[in-house]
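*Asks:* pasting the structure only:
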């Protein structure tokens, strides 16, 4: 998806009368990475493989939590500062499951889905950035 992500449409899709918990994560291009100012990010992937891996993660999340609705969207191409590059959302009967499932999906997407990010800085340099292991939250596992 090379066009801007429609966060409002994702939110509207997730609304479901069966669900009291809706969690929507929106990841945007931030202006600063440490002390370096970012102009934009550029994302690339092999779409069939990325889509297959996203679907595997959705299937795993549905097996673990009572998800009624889910969306996982990732933008490709150039994403300017402050625009959304990723939208992950889930709707579940209760909030705890919505938080857990959404956190699982975004953390695993960053590690498992083959999407590559190149940061473009104001000094004219660029840098490929790889996904990282999600930080452990105290009390997990």
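*Replies:* Yep, that arrived. What you are looking at is a predicted structure, and each value in this text was computed from that prediction instead of being measured.
*Asks:* Need the residue closest to the centroid of this structure.
*Replies:* In the chain, the C-alpha nearest the mean C-alpha coordinate belongs to residue 86, at 4.0 Å (Cα atoms, centre = their mean).
*Asks:* What helices and strands are in contact with the host helix or strand of it?
*Replies:* Per DSSP states H and E: residue 86 is located in strand 84-92. With contacts defined as 3 or more Cβ pairs under 8 Å, 6 or more residues apart in numbering; DSSP states H and E, strand 84-92 has these neighbours: helix 7-14, strand 21-28, strand 69-74, helix 95-112. C-beta here means a position set from N, CA and C on the backbone, and glycine is covered the same way.
*Asks:* Name the helix or strand for the residue of the chain most remote from its centre, please.
*Replies:* The centre of the chain is farthest from one residue, residue 123, which by Cα atoms, centre = their mean lies 27.4 Å away. Under DSSP H and E, no helix or strand contains residue 123.
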